[in-house]
Structure formats: C-alpha cells, structure tokens
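**Q** compute the structure for the input listed below.
(3 chains)
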Amino acid sequence: MEVWKADVAIVGAGGAGLRAAIAAAESDPSLKIALVSKVYPMRSHTVAAEGGSAGVVQAHDSLEHHFHDTVAGGDWLCEQDVVEDFVARCTEEMVQLEHWGCPWSRKADGHINVRAFGGMKIERTWFAADKTGFHMLHTLFQTSIKYPSIRRFDEHFCLDLIVEDGRVQGVVVVDIASRRFTLIQANAVILATGGAGRVFRENTNGGIVTGDGMALAYRHGVPLRDMEFVQYHPTCMPGTGLLFTEACRGEGGFLLNRDGYRYLQDYGLGPAEPTPRNKAMELGPRDRLSQAFWYEQQKGRTIDGPHGAVVHLDLRHLGEAKLRERLPQIYELAEEFLGVDPAKAPIPVRPAVHYTMGGILVDGRCAAPLPGLYAAGECSSVGIHGANRLGSNSLAELCVFGKTAGVEAAAFAKSVAHGPADVLLKQAGASQQRALDLVIDPSGTERIATLRKEMAQSMEDGCGIYREARSMQATCDKLAELRERYRKVRVEDTSSVWNTDWLLAIELGYQLEVAQAMAWSALERRESRGAHQRLDGYGERDDANFLRHSLAYHAGADAPHIDYGDVKITRSPPGTRAYGAAGEKAEQELAEQELVEQELVEQELVEQERAAQPGRTGEAHRG
Amino acid sequence: MAETSGNGKVIRVEVLRYRPEQDEEPFLQGYDVPFTDDMSVLQGLQYIKDWLDGTLSFRWSCRMAICGSCGMMIDGEPRLACKTFLRDFPAGTVRVEALAHFPIERDLVIRMDDFLAKLERIKPYIIPKEERTLAQGEYLQTPAQLDVYEQFSSCINCLLCYAACPQYGLNPDFVGPGIMALLHRYNADSRDGAAVERMEIAGSEAGVFNCTAVGYCSEVCPKHVDPANAVNQNKTRAAGDYFLRLVRPKGGAK
Amino acid sequence: MNTPDPRRPYVRPMAGWWRRNPFFVEYMVHEATAFFVAAYALVLLVGLLRLAQGEVAWNGWQEALRSPWSVAFHGVLLAAMCYHSWTWFRIMPKTMPPLAVRGKRVAPGVITACGVAAAVVCSLVALVLAWGATR
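**A** As a prediction, this is how the structure comes out:
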C-alpha cells in the first residue's frame, strides 16, 4: 500500500469539501492537503442544487430576520448560537464566491439580485438562474486549481478512517480505476461527503449520495444527530424524483390540486393572493407543503399519474420569456423529460426525499467528538437546520462551514505530529482486506440491487412524510434482516479496473447502517416536529420531552443505541410555527411585544442616566 | 426479483464492452431490456447492471443532465445517456459505446485525465483586473456584461464536444472545444484581467488553429454552450495578436 | 508495496473517421467544394494568360468556354459554389462575437440569412454590370 503524508485530508469534493480545501490552503500555504473524491469534483451533487443560496443584503432585511426564519423553520431544534454565527457570515461568503467568479444573476445596475424562497420573510436568496449549485461548484472547483498545496485524489473511494491513539490519523482510499490502495496519513480529516437521500426510493439525489462519510464516522463511535429528520421536497418529478426548484414558486408559481384549486390555503398557509406573499401559500416551508400534499392525497383531491398521485405546479402565468430567463433548466427538464411545455401546461409534481437534516455530530467549529475529525455540509449536523431546513440555507452552509472546517482542521493539524506509519499501515491493511473480502468471497447469494431496492422501499413505507410506530418498527426489523442478508452479498465482478459492482456493495453497507440510524431515531421520537410527523397519537410537538437532539450510536451488528443531547437556545424560546396570515399576525404581536420591552428598557436607561447626570437630560435618546 | 415494466416493450441494447484484464479489444454485447416510454438510456443501463449483468461499468450520478458524468456514443452520436430516451429508437435496438476519441478504460468508462490536465493549464479562475476586498462588496457587472460569458460558463465538462471533434481525435494535443469555451469564459468576464496570459495557450501550437470549423461540437452540446463560437472568436483574436507581434517586437497583446 | 497497475486503456483507431457520422460526411462534402472554387479560379487565370498571349489566343479561349462540355462544367461549378457559400454563411454565426441590436442578441439564423442575402445581392449586381458591359 502506498502512503501519502498530508496535513489535512478531506473526503468529498463537493461544495463543502472544496471550500474547506481552499480555506485550509489559504490559512497556511505550507500545509499539504489531500482532497479525496469518489467522482471528479464537478460531478459532486452540489451541482444539482438549483434555486439559490441565502445571504442578507437588502436594507430592510436583517440578520435577526434570517435567524428567526431559520430557527422557526427548524421548529426550534436548532443550535441557536451556531445559527447566529451562520447568518452573520453568509453574505461575506456569497461575496467571496462573487469575487471568485460565480456568475450570480444581476440587477440592471450591476449589483447582485436576490429572489424569494420558502419560509424566508424577506428576499435574500442569491441565485445564478436556476443552476446556482452548478455554478457554485464549478466556481469553487476551478478556483481550487489555483492552490498548489491541494493534491486531488479524483475517483478515489474512501474505505475507512484510521483512528489511533484516540484521534483520527488518516484515511484509506482506493483508486477506482486500478484498485490500488493508499493510506493518506493526516493529522486532521474533514468529512464532506454529502447526504444519504438514496436510502429512500423516490429521491432527488444523484447516485453518489450514499451517506459514505456518515457511515465512516458512525462506525468509529461518532454519533449521528437528528437523523430522523429527512426533508421531502414538495415539487419533484414523478417516477424519477428529479427536482423542480423552489425558485419556481419563488418566481410566482402556483400549486394546484385536481380541481385547479390552490389547496395550500386549506392548511394554514393562506390567504391565496395572486402573487404569493413571503412565508405564505407556495412560499411556505417544505415540510408543511409536503404534508399538505399527503392530506390532499388522502382526500382524493390529487391527480392520478403513471407514477402515483401528483399535483400541478403551474407556471403558465409567468410567461415563456420570464421562464426562459429565470428558470431555463426547469423549462428544459419539463420539456425533455416530461414532454410538458411549462408556458402552456402545468407540470405534474409530487414530494420526494431531498435532504438529510441530520448527520455527523459536530460543534460550531465543525469538530466531531473524535479528536482530529471534522465535518461540513450535508453529511454533518452542525445544528442550523433543526427539524426542517429552509431552502437556500444549505448552499450557504457549504461555504460558511466548509470554511470553518478548513480553518479549524488546519489549526488542529499543526498542533499534532504524524503518528508512526507502521501502526497505521497495519490498520489500513486490515481495512483493505475487509473491503477485498467482498470480492473474493464466492459464496455470496444476495443480489446487490435486491437488497438496495428492499431497503429503499422499506424506508419509504416506514419513514415517509407521515409515520406510525408500527410501520417504523417494520422498517427497523426489515433493516436488521437486510443487514444480516448483506453478509452474503454477491459481487459479480471480480476484476480490478473500474469495478463498480464492488463499490456498489460497499456503498450499500454504508447505506444500510445510516438507514438504521434514521429509522431508529424516528421510532424513538414520540412527538411531531418539522419533517418528523406522526399519526399514532404523537401528533403534537412535545417540548417537555423532546426539545432535544437525538443521537444515534453505532452498536456493531445490533440496532443503534439512541440517546439525546441538549438544544442550545440563546434568543428565541420555542414558539408557535405559523405561516400565512396567522404567521404575520404572530410576528406582529411579537414585534409589538418587543417594542414595548425595548421602550421599557430605554425608559429605564433614561432614568438611570438622569440619576447619574442630572444636568444632561433630554440627550439620552440620541445614543 | 427484477423490476417489471408495464407495457411489455423490450429493446435490444448493444453495449461496447472492454475489460482490460480479459479482453484484447472491445466487443459488442447485447441485452434485452424491458422499458417504458419515460425511461432513459441511462435507466436502461442501470437495469442491465442491476438485474442482468453486474459486471457492466459506466459513470453516472445526477440523472438530470447537469453533473456531466454519463456522456456516451449512442447510435454513433455523442449524447448524455440520462437525457436520451429509449422510446426514441423505434427500430427496437440501440448501440451504446464509450465516448469517441478517448481511450477506453473499461466498458463505457473513458480515461479523462487529459481534460483535467488541460483545464488546470488555462488558469480557470478569476485573476482580477482590480483587487477588491470582501468588505468592499461585489464587483458590479451588468446583465449585458454577464451575457457575454454566461453561456460559456454553462459547460458541464461532459466531453461530448470532444467526442464530436475529429481534430481532437486526430491530434489529442489540441486543447479542444470545451477547454476553449472555459478559457473564453474567463477572458470574457468583465472582472478578469488575465486574458493575455491565457491567449498564449489559445494561440499556441495546440491551440485554436487546430480547429477546422467542423462545428459538430456545438451541435452536440447539451447545454447550448456553443464551444465552436469560443474557438473561432479566439482564432480572430489570436491572429490579431500574431500580426501585432510582427509590427511591435514586444508582441501584440503584451 | 502496491500491486502493478492493471489498466490497459484501449485507443480506438481514427482511420475512416469521416464516414462514421452523417455530419462528418457533409463536412467533407462542403469542404470539398473548395476544389471547385479553386478550379474556377484556375479557369479565369488561364483566360488572363491567353489574353496576354494576344487576340488569337484570347478568342480561342472564349471559343473553348462556349463548348457544351464547358457549359456543363460551369453549371457544376455554379452549383458547388452556391453550396459552398451557403455552408460558409451557415457557420458564420459561430465564428463571430455575439451581435446585439438594441440590447437583444441577434439569432444565428438571422445572421446566416443576412449573409446569404448579401451574397445574392452582390452576385446580381455583378451579373447586371457584366450584362450591361457586354451589350
């Protein structure tokens, strides 16, 4: 096995991994950085993000608003100190991308433009037409080429973390093209491997989104936090699950049921105005919209299609010119994949799994409990999304926390020395052998696709938009059975050049364990919050018992052990999540209450000052 | 067991196989794939991989024509497998091969180191005309200035244009259409000031003058990048530089 | 120590590449029309040479042009050159910087049509002038 000595190793070269690599390289150009990815960086799934990335820019907007939207959107399961840091740094990161060349859409005066997004009170979503993730990824990738200290390991698959002496000391990777193994010795490792949406049947994710990093950390004792919160995006292509961005609604699109009725007004999101108001109707948060679809389906008000029930995403009133300018990719997807001209006919859509809110437990500095291990992006749970992520917060997260992870990992790497290579090599050799055993064992009988299909169907049945103990338990049982059967998985391909059959088998192993963390965390959360909604008597949020993060711990071949951790609350005590007219009323009341409190405080200050400086009354208010 | 399809339609998918450890040279292998009208060629290949033959290798990921992984020759044309549909082959058979003009690593997987190496050479990042701190905010760029380079920034690196370019096939040193589009993307960006450095590559032996204006690259581009336009705009520019260099000994653009 | 590199990339031959795709065949055909342009230039050059050699030579050349074989040959040349011009203007939009009129990009089809129209007009003017001069 080759050994490559790095200071920082990064696994995953999507938005978060690339941003981390650049940050580490900039923080100290003498550091050697290994950037490992199982695909070429520009293939990473950040590429498929469409709508945009959040960052406060408008004069009438404020960090306070972004903070409150995010915390309420997450149903108060957010780490509020981390959210404060996040919202304060989003805009700078977006400007940084602009300086690096990201082709943000512009206003006539040359300043960047922002659009409305679901659950956001004021327009603050930066966008590059409807290919924002694509442009961000290519900008970051091409910019990363500028830094000679970043050594890329493209199309290298990560098999294991090397943990020795109580800290992470490297990763074992294999070159997909040649099946040759390398131990990358590193003093700090950043996991940036993205989400795990492919464990569900109908999803918006690319084939590579298999939860690799989550499983790697999890197997080494790092808990996965809040894994029960899986986001269903409300507007996806039936059958394939391909995404029609939220920007469709940000630009003014409607959701209609079989009667052509904007049904969201029946679910506390109204009133139905011709142009959707922010945080109302079609611009409500994703969990609420997907749940409304489910109810419409129960009521028989959806439309039957070849791939199940659908509703209509109606963009016709926006006109072809605007659609071609603002939503060109959506236009082509609808035309080419569905044969629908969105300027002339509504697009059939249904919810599909889109995003994993939970992930590897890390603190606000992106550090996991295992020393030397960091995580950023969708694979991590830094605590900003809570029980439901707001659209356009995840692209911003990649940059903000990618940078944090890079800077922090670089600092940590400098504080420790490389351990003895022979000990690490022995561990790496064992990991290599475990992986190769999958190919060598000819006794395998279980087809990879069969196991994967059963897993994905079971996750959809048990951990869908609405959940019940019985079906979740069935999913947990099924996953245990599949893990048992996985021991006899059959890898047909025994060759060493581009053996994707073998990699699929390894990925399936990752997926089964991550799926277990999701299902068990869901079963144990006996309340409804954000994207986790139950029908079996736990339909309400239960702050007394469950205003807590779930923590799933790996327990070998057994089911995970579920524990709980505290939620950090700084400024926003848990309140009612209200959208539409009800939301505005609640906000107004809150604002009035704050105004009264502020006046009281100011009055007190005036009085104190008056007492201290009797001669200068009347000027106190100028401060 | 195997996934079933509703309407009982079956298509013969002929795949060019090549396993370097077993095969001297590539050969065609046929598979019968049941399909529905909304299935892409990629979904056909996935069906083969999952249920018929696990040893078939190909790259894919996003399924929505943005990650650029699944470029292949489909009935002799460079296409993205994810947005080519099985319904469009009424003869009941379709031939799938690795992208032309690239070495075949295995089955439908080509070796693309060459593209990455070229990308790294063209300095594909903004080298600012004027420095600006983050605190100073964004560079101003009008929609018209954005429009000048936006289409070239839409390249997804799928390499279809290379498979469409016989000149690249004949001379792999040629920088080729996709890289020229990206080079032009930065040269045409109002924020950038390094066009002179990049023009050295455009005007070099391996540069734009290898292009004989076949134009097929732009025809097959799934993202309307029009790489032929980038190449040819730079022919004019490189020629201008050449003649200026004759007049001014220090060189045209410098 | 690592195992030896098992890769053995296969490079496909390029021989006969232009027959593999109808687009390439058409490309070769329209490139080949350049020979016809060159052939006509040669015909005119011979005319110039004959003119320099005196009246008898010049008249002989004119006589040769009137032969049925020559007329047929010129018909073929004309067709080839029309096709050549059309393909030339067809690719023109790909060779120039974006052209904007009142802030809107001019479509490629419009640029091609303008080129073809200009060629037709020039040809007609030349025809009228030549016709007028010989009367």
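**Q** surely A:Glu540 touches A:Arg529?
**A** No - checked against C-beta atoms under 8 Å, the pair A:Glu540 and A:Arg529 is beyond contact range at 9.2 Å. C-beta: built from backbone N, CA, C; applies to glycine.
**Q** more neighbours: which of those two?
**A** Between A:Glu540 and A:Arg529, A:Arg529 has the larger neighbour count (other C-beta atoms under 10 Å in any protein chain shown), namely 27 against 10.
**Q** check the gap between that one and A:Leu327 for me.
**A** According to C-beta to C-beta, to the nearest Å, A:Arg529 stands 32 Å off from A:Leu327.
**Q** and if you look at B:Gly68?
**A** In this view, B:Gly68 and A:Leu327 are 21 Å apart by C-beta to C-beta.
**Q** same check on B:Phe209?
**A** The spacing between B:Phe209 and A:Leu327, counted by C-beta to C-beta, is 39 Å.
**Q** compare these two and say which is more crowded by neighbours.
**A** Neighbour count, other C-beta under 10 Å: between B:Phe209 and A:Leu327, A:Leu327 has more, with 27 against 17.
**Q** and the more buried one, what pLDDT?
**A** According to the prediction, A:Leu327 has pLDDT 95.
**Q** check A:His156 too.
**A** 98.
**Q** same check, this time on C:Thr134
**A** The predicted local confidence for C:Thr134 is 81.
**Q** OK, contacts around the residue nearest to the spatial centre of chain A?
**A** The geometric centre of chain A, computed from its C-alpha atoms, lies nearest to A:Glu378 (C-alpha atoms, centre = their mean), at 3.7 Å. Neighbouring residues of A:Glu378 by C-beta atoms under 8 Å, 6 or more residues apart in numbering or on different chains: A:16, A:194-195, A:355-356, A:359, A:394.
**Q** same thing with A:Thr235?
**A** Applying C-beta under 8 Å, 6+ apart, we find A:Thr235 in contact with A:243-246, A:248-249, A:255, A:313, A:349, A:351.
**Q** and the furthest pair within those residues?
**A** A:Leu243 and A:Leu255 (15.1 Å; C-beta to C-beta).
**Q** tell me which stretches of chain C form helices.
**A** With DSSP state H, the ranges of helices along chain C come out as C:22-52, C:55-65, C:68-95, C:108-134.
**Q** gap between the shortest one and the chain center?
**A** Taking C-alpha atoms, centre = their mean, to the nearest Å, one finds helix C:55-65 lying 28 Å from the centre of the chain it belongs to.
**Q** work out which residue lies at the spatial centre of chain C.
**A** For chain C, the residue sitting closest to the mean C-alpha position, by C-alpha atoms, centre = their mean, is C:His84 at 2.9 Å.
**Q** who's in contact with the spatially closest residue to that residue that is not a sequence neighbour?
**A** Spatial nearest neighbour of C:His84, excluding adjacent residues (C-beta to C-beta, 6 or more residues apart in numbering or on different chains): C:Thr33 at 4.0 Å. By C-beta under 8 Å, 6+ apart, C:Thr33 lies in contact with C:80-81, C:83-84, C:87.
**Q** quick check, the residue nearest to the centre of chain C in contact with C:His30.
**A** Yes - using C-beta under 8 Å, C:His84 makes contact with C:His30 at a distance of 6.7 Å.
**Q** pull the number of nearby residues for whichever residue of the stretch 401-550 of chain A sits closest to chain C.
**A** Residue of the stretch 401-550 of chain A nearest chain C, by C-beta to the nearest C-beta: A:Ser496 (4.8 Å). Neighbour count for A:Ser496, taken as other C-beta under 10 Å: 22.
**Q** ok, A:Asp536 next?
**A** Residues within reach of A:Asp536, counting by other C-beta under 10 Å, total 13.
**Q** same check, this time on C:Trp17
**A** Look at C:Trp17: counted by other C-beta under 10 Å, it has 16 neighbours.
**Q** over to the one 3 residues further on?
**A** Other residues near C:Arg20 come to 15 when the count uses other C-beta under 10 Å.
**Q** contacting residues around it?
**A** By C-beta under 8 Å, 6+ apart, C:Arg20 lies in contact with B:Gly76.
**Q** where does the prediction get shaky in the stretch 1-150 of chain B?
**A** Counting by pLDDT under 70, the stretch 1-150 of chain B has low-confidence residues at B:1-7.
**Q** strands along that one, start to end?
**A** Assigned by DSSP state E, counting those that start in this stretch, the strands in the stretch 1-150 of chain B fall at B:9-17, B:27-35, B:71-74, B:77-80, B:93-97, B:104-106, B:109-110.
**Q** any idea which of these is most buried?
**A** strand B:104-106 (a mean of 26; mean count of other C-beta atoms under 10 Å in any protein chain shown).
**Q** near chain A at all, that one?
**A** Yes - applying C-beta under 8 Å from any C-beta of the partner chain, one finds that strand B:104-106 is in contact with chain A at B:105-106.
**Q** any part of that strand near chain C?
**A** Yes - counting by C-beta under 8 Å from any C-beta, chain C has neighbours in strand B:104-106: B:104-105.
**Q** restrict the contacts of A:Thr235 to contacts with chain B.
**A** A:Leu243.
**Q** mind putting the contacts of A:Thr235 in a markdown table, pLDDT included?
**A** Below are these laid out as a markdown table (pLDDT from 0 to 100):
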| residue | pLDDT |
| --- | --- |
| A:Leu243 | 95 |
| A:Phe244 | 96 |
| A:Thr245 | 94 |
| A:Glu246 | 94 |
| A:Cys248 | 96 |
| A:Arg249 | 95 |
| A:Leu255 | 97 |
| A:Leu313 | 97 |
| A:Val349 | 97 |
| A:Pro351 | 97 |
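**Q** need the contacts of A:Thr235 in JSON lines (columns: neighbour count).
**A** Shown next, in JSON lines, are these (neighbours: other C-beta atoms under 10 Å in any protein chain shown):
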{"residue": "A:Leu243", "neighbour count": "27"}
{"residue": "A:Phe244", "neighbour count": "29"}
{"residue": "A:Thr245", "neighbour count": "27"}
{"residue": "A:Glu246", "neighbour count": "31"}
{"residue": "A:Cys248", "neighbour count": "29"}
{"residue": "A:Arg249", "neighbour count": "26"}
{"residue": "A:Leu255", "neighbour count": "27"}
{"residue": "A:Leu313", "neighbour count": "25"}
{"residue": "A:Val349", "neighbour count": "25"}
{"residue": "A:Pro351", "neighbour count": "27"}
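**Q** just the contacts of A:Thr235 now: which is nearest A:Val87?
**A** A:Val87 lies nearest to A:Glu246 out of the contacts of A:Thr235, by C-beta to C-beta, at 19.0 Å.
**Q** wait, A:Asp212 sits on A:Val36?
**A** No - assessed by C-beta under 8 Å, A:Asp212 is found out of contact with A:Val36, at 10.6 Å.
**Q** for the spatially most central residue of chain B, give its distance to B:Leu42.
**A** By C-alpha atoms, centre = their mean, chain B has its centre lying nearest to B:Leu159, at 2.1 Å. Computed as C-beta to C-beta, the B:Leu159 to B:Leu42 distance reads 16 Å.
**Q** likewise B:Leu56?
**A** Using C-beta to C-beta, one gets 12 Å for the distance from B:Leu56 to B:Leu42.
**Q** same check, this time on A:Gly305
**A** Counting by C-beta to C-beta, the gap from A:Gly305 to B:Leu42 is 21 Å.
**Q** what helix or strand does A:Pro369 sit in?
**A** A:Pro369 belongs to no helix or strand when assigned by DSSP states H and E.
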